[in-house]
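J.: quick one: sequence plus predicted model below, questions after.
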Amino acid sequence: MTANVNPIAVNTGYFSNSASSLTFTLPTTCAVGEQFYIRGINTGGWTIAQNSGQQCVSTAGGKDGGRRAGHHAQCA
């Protein structure tokens, strides 16, 4: 991806490929156990935006908390 993603599609993987930070927004509805994966492949990094009342349970990869490494998350 080279632009912000709103919303993330569940059970989908993304490559964050931008020199500036990208924002990936959680979908407004998501069943428990649905997943997505974001992997940074450029220098810009990325963040996950949550909607009201949402949580993101993640397994961030890499020493920088997953902003440029692999990041796997589930809806909770």
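T.: Done, it's in.

J.: low pLDDT regions in the protein?
T.: In the prediction, the chain carries residues with pLDDT under 70 at positions 58-76.

J.: mind listing what Met1 touches?
T.: Counting by C-beta atoms under 8 Å, 6 or more residues apart in numbering, Met1 touches 14-18, 22. All C-beta spots, glycine's among them, are computed from the backbone N, C-alpha and C.

J.: count residues in the vicinity of Glu34, would you?
T.: Each residue near Glu34 was counted by other C-beta atoms under 10 Å, and the total is 17.

J.: for it, which non-adjacent residue is closest in space?
T.: Nearest non-adjacent residue to Glu34, counting by C-beta to C-beta, 6 or more residues apart in numbering: Val10, 3.9 Å away.

J.: any idea how far that neighbour is from Ser20?
T.: 26 Å (C-beta to C-beta, to the nearest Å).

J.: between these two, which one's more packed in?
T.: Shown here are Val10 and Ser20; by other C-beta under 10 Å, Val10 has more neighbours (16 against 10).

J.: touching, that one and Thr28? I think so.
T.: No. With contacts counted by C-beta atoms under 8 Å, Val10 stays clear of Thr28, the gap being 11.4 Å.

J.: cool, thanks, signing off.
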